[in-house]
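1. Quick one, what's the 3D model for this:
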Amino acid sequence: MKQFIVVDFETTGNQPRQGDSIIQIGAVVVENGQIIESYSTFVKPKKKIPPFITQLTGITNKMVSNAPSMEDVLPDLLRLLAGRVFVAHNAAFDLNFLQEALLSQGYYPFDGPILDTVELARVLLPTQSGYRLVELTSDFEIKHENPHQADSDAIATAHLLLRLLDTINKLPLITIQGLQMMISSFRFDVGTLLREIEMEKLIHSFPVEEAGSFASAPPTPEEAGKYDLFRNLGLKQRKKWTEKKSEQVPIHFHFEPFLERMVAVDGDGFALHHENYERREPQEAMMHAVNQAFTDQKHLLVEAGTGTGKSLGYLLPSILWARTHKQQVIVSTHTIHLQDQLFQKDIPLLQKALPFTFRVAQLKGRGNYLCLRKFEQSIETQEGSTQDIQLAKAQILTWLTETTTGDVEELSLSPSGQSFWQSVKSDTASCLNRECPWFSRCFYFQAKQQAKEADVIIVNHALLISDIEKENGVLPSFEIAIIDEAHQLDEVASQHFGTQLSSIEMFQLIEQLGVEGDKQMLLMFANELKVWQSAEKPRIEQHLQQVKVEQQILKEAVTNWLQLFYHWGTERSVETGESQRATLRYKKEDFEEKYKKLGKSTNLVLQKLGDVAKEVEQLLAILLQQQAEVPYSLQRLQTDVTGLVEEINHVAIKLHFLLIEEQDGHVSWMETETRTSRKQLFFFKTPLDIADTLRTTLLEPKRSVIMTSATLTVKNKFTYFMERMGFADLPEERVETLSLPSPFDYGQQGLIVIPSDFPSVKKEGEQLFVEAVIAGCVDAVRASEGRTMILFTSYSMLKSVYEGMKSLLEGEEFELLGHGIDSSNRSKLVRRFQTGSKTVLLGTNSFWEGVDIPGDVLSCLIIVRLPFQPPNHPLLEGRSERLKAEKKNPFMTLSLPHAVIRFKQGVGRLIRQQTDRGVVIVFDTRIIEARYGRMFLQSLPPYQVETGPWTTLRESIAPFLQGNSR
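-> Okay, here's the model as predicted:
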């Protein structure tokens, strides 16, 4: 494949057989890696261009009124197509229009080879967050001046094709050969392209007689040193951790003079390595406080406003302490975004600025890492693979040539791909340890070894809590922990100190055990047994058959159990707003007294889980007796099946705990997925209070724990956070607090607008309020020219407002992005928001924090309602009941402080740097009418605040954003 015709069509719609037609053609000829010709023309359609197409493309009916017809332009297009590979971004769309045009004019349909740059990009760029043309061209810095114009899109796609061809040509031969085994995952002619590249590599690198097979092809000269080619996989060459040695800092090192040297504007520290460096007093105050807490063996709470530089504020003293005292420091974060910031910005700066070396490692939960042995096995076994699973395998094959971590969070997998990951992730039960041929290349053990030798270890809250709760020794022993984004620790700890189980998890387990598909253990067992000659083979086959029977009975029992609980749950549950699921709180006696069918069904599932586990264990026992005779391939499976039995037993324990056991101090509930046709259940049991557990497992045993966030206080007090996190019961002298203001000039940079005449949900009803919100949002979006994020506490309200705004803004150049409507992937929506023009993003729950959009891309933030937790959420209900029993006011001690911190997080999305300017609009009049409302505003930085009639306030938005303060 050397000659390509890259095509893009703009059309009147997406149904060519229903009368939609092409209105613009863009075509670019690519030969031998060069663009040699381009062609573009408008086409006169058979129908009027709809307004939404004009809005999207900028193409009007006037522009095409005198354009040539499709009959006139087809000869030119056919000349370009002749003998070339048809290429398009989302090729099926353009191909359908081409074929319809050809047939309508009496031509034969196009029957040449086809490539889709979306399909190619998914395989070759497996870490991309999105595969829209505008996202890919932005990432590759490809010039793309007029998205949704056929000429511009075709040129951009041609440049993208050249990048993708360059990428695929650089892959090692063994990976090219491996990708060909995934041929069924490709809709178009990627397989032909791969075969041609394989032959070129073989011919140019080896004599014909030396060209090997998939398992034995030697490395080409250019591959040597760049890739680690082992067994059937091509991996990126990784440096051995032991190659880098740290220089020791003298033990008598003094913190104060060194800090002054580092922060001095005329010194050889940060100023020398940071362009436009300025000293920040709050940051230096934090550095001093953190170091003092380490020295005095105290815990420290630091609220550090946006822009204070809190990451460096704790990293510098942590590194110095670790190097001078030979004590490792744990740094825990909640979001990937913050971890990326640490590794891409703060740590590289410190590595340049500090006059000594140090080591920082990142460690995650074991299931985040790929098991190379399992993945190799999945490549060898293709029987029963679905197209989606083949695509996931192809993505991982490519990814292995570029990853040094094996961390799944780097990948962009589909839901089916994520399900496949469960069968190839690293785990303890199925690990062969040093007996594994991949041991020296194991991603998980590499990460553990790096953590063992590091001065500072970056983890997430989930791993930190899991490690201290189970004392499982994943983390090295530590005395000092820094917990950033500490306001999230409450939720994470509640989850990890509790138990969760989903119907998805149960069915995945049954499927893994089953007899169909490439990742199913019994099928693989049966295949391996065919070639093994042993006297015990008949007994094993008998047990295998019995497991198959028990597995089918278990599947039927779980299916029946799911239907019963789903029906019971959907009848009685309530929507709790944010989760987009219906929720129902339950107690053990519900299944013993009122709903006995549910209890019987649960007990049957537990019994059948036990039967399957017992039968598989008997099969494994026979194999263990014959261990000397068992071939290696069967031993691998034996290990995996042992791990699967452990998972079955673990699921049974969780199910028993969730539905059979009664646990004091816990609340239990289930959630039903209501947005999809597939029935899904999620069960939870969570402790009502985590303070004592955190105090006894983390705060009391450790020398110093630093917790920091931009939102820890309510009305400038740490009381709520200290009570929730276990600090309140520690000796007073062990805990210090510090509030550091943001350096931003909020009075000049930000304006908060609160209309006083908006209807109240409580008094006037939700419908009237939603209508007012729709109109208000449209006013604000027009005034701010898009660039708006709207935060909701209820998914149903988001949906209503989205539909209302879409109707009112029809024909205008605004793009609405609704969470759970246009996509459920937060990062993809944020990316589209950032790359779009006049874009409006509507989000719930996860959008209140962790979204960092600096600059004028986000200029208007709308908070529809104050972010109180739904009062009917089981966890809030349970905690409120407990507080009432203790003669405390649940609203003032729990609901209100939580809402204030959430509100601060939401408002904090707007002003992210000193040059930002923006407007916050709050449509909930409780903030100015209720007695507690002022607590929200008093907890914020000193913004300008304006209240009054909406018709007056809306006029202040555009002038403020343009820099005209009132």
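
2. from here on, contacts and neighbour counts on C-alpha atoms
-> Noted.

3. And the residue nearest to residue 63 when sequence neighbours are not counted, how far from residue 25?
-> Excluding its sequence neighbours, the residue lying closest to residue 63 (Cα to Cα, 6 or more residues apart in numbering) is residue 42, at 7.8 Å. For residue 42, the distance to residue 25 equals 6 Å [Cα to Cα, to the nearest Å].

4. Helix or strand next in line after the helix or strand of the chain with the lowest mean pLDDT, which one?
-> In the chain, the helix or strand scored least confidently by mean pLDDT, DSSP states H and E is strand 574-575, which has a mean of 58. Counting by DSSP states H and E, the next helix or strand C-terminal to strand 574-575 is strand 581-586.

5. what distance separates that following strand from the centre of its chain?
-> Strand 581-586 sits 25 Å away from the centroid of its parent chain (Cα atoms, centre = their mean, to the nearest Å).

6. what's the average pLDDT for it?
-> The average pLDDT within strand 581-586 is 84.

7. Give me the buried stretch members for it, please.
-> For strand 581-586, the neighbour count (16 or more other Cα atoms under 10 Å) marks 581-585 as buried.

8. Grab the CA positions of that strand and hand them over as CSV.
-> Extracted in CSV, the C-alpha atoms of strand 581-586 (Å, rounded to 0.1, in the frame of the first residue of the first chain):
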residue,chain,number,x,y,z
ARG,A,581,-28.8,4.8,39.7
ALA,A,582,-31.8,4.0,41.9
THR,A,583,-30.9,3.2,45.5
LEU,A,584,-32.5,1.1,48.2
ARG,A,585,-31.4,0.7,51.8
TYR,A,586,-31.9,-2.8,53.3
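
9. Can you give the strand pairings for that strand, parallel or anti for each?
-> strand 574-575 (antiparallel), strand 666-673 (antiparallel) (DSSP bridges).

10. Please state the offset of the helix or strand just after it from the chain centre?
-> For strand 581-586, the succeeding helix or strand toward the C-terminus, using DSSP H and E, is helix 588-589. What separates the centre of helix 588-589 from the centre of its chain is 36 Å, taken as Cα atoms, centre = their mean.

11. Residue 793 and residue 485, how far apart?
-> From residue 793 across to residue 485, the span is 21 Å (Cα to Cα).

12. cool, residue 196 as well?
-> The gap separating residue 196 from residue 485 is 51 Å, by Cα to Cα.

13. Tell me which of those two has more neighbours.
-> Higher neighbour count among residue 196 and residue 485: residue 485, with 21 against 12, using other Cα atoms under 10 Å.

14. For that one, which residues are in contact?
-> Shown in contact with residue 485 (Cα atoms under 8 Å, 6 or more residues apart in numbering): 333-334, 707-710.

15. and the residues you listed as a markdown table, adding pLDDT and distance to residue 831?
-> Formatted as a markdown table, the contacts of residue 485 follow (pLDDT from 0 to 100; distance: Cα to Cα, whole Å):
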| residue | pLDDT | distance to residue 831 |
| --- | --- | --- |
| 333 | 95 | 22 |
| 334 | 92 | 20 |
| 707 | 98 | 30 |
| 708 | 98 | 27 |
| 709 | 95 | 25 |
| 710 | 93 | 24 |
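
16. Appreciated, that's everything.
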